[in-house]
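Undergrad: Requesting a structural model of the entry that follows:
(one chain, ligands or ions: 3)
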Amino acid sequence: MPARVSLTRYLVEQQRVDGRIPPQLRLLIEIVARACKKISHAVEKGALGDVLGSAGTDNVQGEVQKKLDIIANEELIEANEWGGHLAAMASEEMEGIYVVPNRYPQGEYLLLFDPLDGSSNIDVNVSIGTIFSVLKKPDGSNHGVSEQDFLQAGARQVAAGYCIYGPQTTLVLTVGDGVAMFTLDREQGSFVLTQEDVQIPEDTKEFAINMSNMRHWDAPVKRYIDECLAGKEGPRGKDFNMRWIASMVADVHRILTRGGIFLYPWDKREPEKPGKLRLLYEANPMSWLVEQAGGMSTNGKQRILDLQPTKLHERVSVILGSKNEVERVTSYHR
Ligand SMILES: O=P(O)(O)OC[C@H]1O[C@](O)(COP(=O)(O)O)[C@@H](O)[C@@H]1O
Ligand SMILES: [Mg+2]
Ligand SMILES: [Mg+2]
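TA: Ligands and ions are numbered 1, 2, ... in the order given. Down below sits the predicted model:
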């Protein structure tokens, strides 16, 4: 049996052999992974740990917070604030940025996260996850750290990933050298490399979109889905399958595993918002993972990773997955 490669060993190799990541970034990723391990334990306990249900509060986006949204947010902050590699953090669950207090060592990285993605699935025991993105504090910003420092295009991420809490707990990571997956071995208490060089097939016959919003979509999205639904008899000449889990982590995980296209487009329900998903801590990390696996990600018009954010909780339209399908939907917007 081949030797089992732990996340730590994989990262040490990325650092030492390939010189791809500095030691501080390696340690930061390990701390994020440790926090995900703890969140995974809380998720697994469910009702036994009294972690299900609503917390009775709203977040900055006006969404009801679940107990696990708050627990996961606290785990990530606590684990990372004393690690010494961060300047500040930003989260879906916090209105402003969280500057690492002076009593802790200061670092040059910025960590952004959606602590618990797929909140509507917590209480029904369906896969959920944590999404994270790491940026470097911009050069020359030695004025302390501000929200402005977080407003960097996704192309500038130095690490991105997610941890999915499903039948298995799997951490999926990129540091710009392809995508690797690590499965949590609960007996050993460590993440073990289970797939390297993940590749998304260029073509697919599977799409993921919340069909209940169909009447609100824009014409290009409607055209694309109508053509898929027409199946063998339609212009695509093949039958399509549909999946919608309502946890972006789970839908993206399926796409990284067997291909597919995921769409959460702008729609007419809230026309002033560019979309539902958040650019900095949902769309950017997922887009980088998808591109690193040979897929494509756009907002219908532009590459998501090229978008210049203007605010911390900015929203964006998302179309990502198998290259030829994303290219097709994007061309329908031209
Ligand atoms: O319920 P809808 O409208 O289908 O939305 C589902 C989408 O919302 C999200 O749950 C948003 O994430 P949060 O749970 O972190 O708010 C995505 O994971 C998912 O793709
Ligand atoms: Mg989310
Ligand atoms: Mg969330």
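
Undergrad: which residues of the stretch 101-250 of the chain score low on pLDDT?
TA: 141-142 (pLDDT under 70).

Undergrad: Give the bridge partners for whatever residue of it ends up closest to ligand 3, please.
TA: Of all residues in the stretch 101-250 of the chain, Asp114 sits closest to ligand 3, at 4.3 Å by Cβ to the ion. (Glycine included, C-beta is placed from N, CA and C.) Counting by DSSP bridges, Asp114 is bridged to Ile131.

Undergrad: can I assume it is in contact with Ala160?
TA: No - using Cβ atoms under 8 Å, Asp114 makes no contact with Ala160, being 11.7 Å away.

Undergrad: Next, show the common contact partners of these two.
TA: Phe132 (Cβ atoms under 8 Å, 6 or more residues apart in numbering).

Undergrad: how near is the residue of the stretch 101-250 of the chain closest to ligand 3 to Glu30?
TA: 20 Å (Cβ to Cβ, to the nearest Å).

Undergrad: And Val198, by the same measure?
TA: For Val198, the distance to Glu30 (Cβ to Cβ) stands at 20 Å.

Undergrad: before we move on, back to that, give the contact list for the residue of the stretch 101-250 of the chain closest to ligand 3.
TA: Here Asp114 is in contact with Ser91, Glu92, Thr130, Ile131, Phe132, Arg278, Tyr281, Glu282 (Cβ under 8 Å, 6+ apart).

Undergrad: Run through the residues you listed and flag the ones next to ligand 1.
TA: Glu92 (Cβ under 6 Å from any ligand atom).

Undergrad: Can I get the buried part of the contacts of Asp114 as one ChimeraX selection?
TA: A single ChimeraX command selects the buried members of those (16 or more other Cβ atoms under 10 Å):
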select :91,92,130,131,132,278,281,282
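
Undergrad: Would you convert the contacts of Asp114 into CSV that also reports distance to ligand 2?
TA: Formatted as CSV, these follow (distance: Cβ to the ion, whole Å):
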residue, distance to ligand 2
Ser91, 11
Glu92, 6
Thr130, 9
Ile131, 7
Phe132, 12
Arg278, 7
Tyr281, 8
Glu282, 5
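
Undergrad: for the contacts of Asp114, which one is nearest Lys205?
TA: Glu282 (25.5 Å; Cβ to Cβ).

Undergrad: Is the closest one part of a helix or strand, or is it coil?
TA: Recorded secondary structure, Glu282: helix (DSSP: H, G, I helix; E, B strand; the rest coil).

Undergrad: Ligand 3 versus Glu314, what's the distance?
TA: 15 Å (Cβ to the ion, to the nearest Å).

Undergrad: Contacts only, for the closest residue to Val326 other than its chain neighbours.
TA: Nearest non-adjacent residue to Val326, counting by Cβ to Cβ, 6 or more residues apart in numbering: Met296, 4.0 Å away. By Cβ under 8 Å, 6+ apart, Met296 lies in contact with Val290, Arg303, Leu320, Gly321, Ser322, Lys323, Val326, Glu327, Thr330.

Undergrad: Most widely separated two among these?
TA: The most widely separated members of the contacts of Met296, counting by Cβ to Cβ, are Arg303 and Ser322 (15.7 Å).

Undergrad: Of the two, which one has the most company?
TA: Counted by other Cβ atoms under 10 Å, Arg303 and Ser322 do not tie: Ser322 has more neighbours, with 26 against 16.
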